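In: Give me a 3D structure for the following:
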Amino acid sequence: MFPKYYLEENDAKINSGFPFNLSTHVITSNIPPHGHNFLELHYVFEGHGIEIINGFEYNLEPGTIACVLPHQIHEMHISSWNQVSLFNFGISLKFFFESENFNLSLSKLLFDIDLEAIPLYLLNEATANKVHTILNEMLLEYYEAKAFNQLLFRSKLVELLIIFYRFQKSIELIPSNINPTFSKKGDIWTIVHFVYVNYREDLNLKILSKKFNLSVPYISSNFKNFLGVNFHTFLRTLRIEHACSLLTSSNISISDIAYEVGYQSYSTFIRVFESCKGIAPTAYRKIETNKKASF
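Out: Okay, the predicted model is just below:
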């Protein structure tokens, strides 16, 4: 059975223009393998279980926090006599490509966190208490329609990421069966990070092969195994989501947007955009502009 994929377009809250989804869950049974096209953070505050992220197993316990990148496959195993309570925080890719300086700073902060480390960490007690408190405060702002609630929510997100960043080097990595090939200098985390930062440049597998001194087949197969999608799909997603953000947040011409997000050919951009979104960029801009005007 293929893993299920959850799309941010199907999330009503994210689709309303607010690029986040925050909730709490009590997990009482196994969660089958799945992936999604948004970034997911989850923080465990009660219970014990097992999480498998792209084939590698990690222990879940109070104080663990995980960062699951878009398209990574993960699942949870909960024993019949146990349960896991956690915060689940989804962040749309659109957020990272919005043009506001605030969002660009947060994007840099998130991607400056050591992406070569294991994606699941055990926080010390002091840090765990801070994270738990901040997430509770964010949850209140998320669901209560108070003045400036979205602004306060974002400020709490800044605080959360800064705490995670500051304590990242002191976080205890949870023991797991680590694939030794991922500990090389040119491991897949480093390559994914490089693509995230440079997706607007001329990128292909040959360029990555030369830069990281790894073979094209090695990068291609490990990229697919690690993220659940191939390199070309991943790169296309980053570029098209950036294009969507520019279409709705600026008056930049579509030809300039095509160049800005990494396409040298206007016709190629139009074809890829229509393939991903089902409509032309001009129609997308009109629909999204009308949505904003109705709020």
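
In: Could you verify my assumption that residue 52 touches residue 75?
Out: Yes: under the criterion of C-beta atoms under 8 Å, residue 52 makes contact with residue 75 at 5.1 Å. C-beta: built from backbone N, CA, C; applies to glycine.

In: Next, show the common contact partners of the two.
Out: residue 33 (C-beta atoms under 8 Å, 6 or more residues apart in numbering).

In: all helices for the chain, in order.
Out: The residue ranges that make up the helices of the chain, judged by DSSP state H, are 12-15, 93-97, 101-112, 125-143, 149-167, 188-198, 205-212, 216-227, 231-249, 254-260, 266-277, 281-294.

In: Spell out which residues make up each domain of the chain.
Out: For the chain, automatic domain parsing gives the domain ranges 4-173, 181-294.

In: Identify whichever of the helices of the chain lies nearest to residue 64.
Out: Ranking the helices of the chain by distance to residue 64, with C-beta to C-beta as the measure, places helix 125-143 first at 8.7 Å.

In: pLDDT below threshold where in the stretch 51-200 of the chain?
Out: Along the stretch 51-200 of the chain, the parts satisfying pLDDT under 70 run over 94, 96-118, 169, 171-187, 189.

In: how does it look with 50?
Out: The model of the stretch 51-200 of the chain has pLDDT under 50 over residues 99, 115-116, 173-186.

In: Residue 80: which of the helices of the chain is closest?
Out: For those, the distance to residue 80 is smallest for helix 125-143, at 26.6 Å, taking C-beta to C-beta.

In: what comes up buried for that closest one?
Out: Taking 16 or more other C-beta atoms under 10 Å as the basis for neighbour counts, the residues of helix 125-143 that come out buried are 127-128, 130-132, 134-135, 137-139, 141-142.

In: Then stretch 217-225?
Out: Buried residues in stretch 217-225, counted by 16+ other C-beta under 10 Å: 218-220, 222-223.

In: got JSON lines for the residues you listed, with distance to residue 36 and pLDDT too?
Out: Below are these laid out as JSON lines (distance: C-beta to C-beta, whole Å; pLDDT from 0 to 100):
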{"residue": "218", "distance to residue 36": "26", "pLDDT": "90"}
{"residue": "219", "distance to residue 36": "23", "pLDDT": "91"}
{"residue": "220", "distance to residue 36": "22", "pLDDT": "90"}
{"residue": "222", "distance to residue 36": "21", "pLDDT": "83"}
{"residue": "223", "distance to residue 36": "18", "pLDDT": "83"}
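
In: quick one: which of those is nearest residue 159?
Out: Top of the list for closeness to residue 159, among these and by C-beta to C-beta, is residue 223 at 33.1 Å.

In: what's the spacing between the closest residue to residue 68 other than its chain neighbours and residue 234?
Out: Leaving out its chain neighbours, the residue that sits closest to residue 68 by C-beta to C-beta, 6 or more residues apart in numbering is residue 40, at 4.4 Å. In this structure, residue 40 and residue 234 are 16 Å apart, going by C-beta to C-beta, to the nearest Å.

In: With residue 265 instead?
Out: Residue 265 sits 20 Å away from residue 234 when distances are taken as C-beta to C-beta.

In: which of these two has more neighbours?
Out: Neighbours per residue (other C-beta atoms under 10 Å) separate residue 265 from residue 234, with residue 234 holding more: 21 against 11.

In: Please tell me I have it right and that one contacts residue 71.
Out: Yes: counting by C-beta under 8 Å, residue 71 is a contact partner of residue 234 at 6.5 Å.

In: which stretch among the helices of the chain comes nearest residue 45?
Out: Within the helices of the chain, the stretch nearest residue 45 is helix 125-143; the backing value is 5.6 Å (C-beta to C-beta).

In: now the closest one against helix 149-167, angle please.
Out: For helix 125-143 and helix 149-167, the angle between their directions (axes from the mean of the first three to the mean of the last three C-alpha atoms, to 10 degrees) works out to 160 degrees.

In: Check which helices and strands helix 125-143 is in contact with.
Out: Using 3 or more C-beta pairs under 8 Å, 6 or more residues apart in numbering; DSSP states H and E as the contact definition, the elements that helix 125-143 packs against are strand 20-27, strand 39-47, strand 84-91, helix 149-167.
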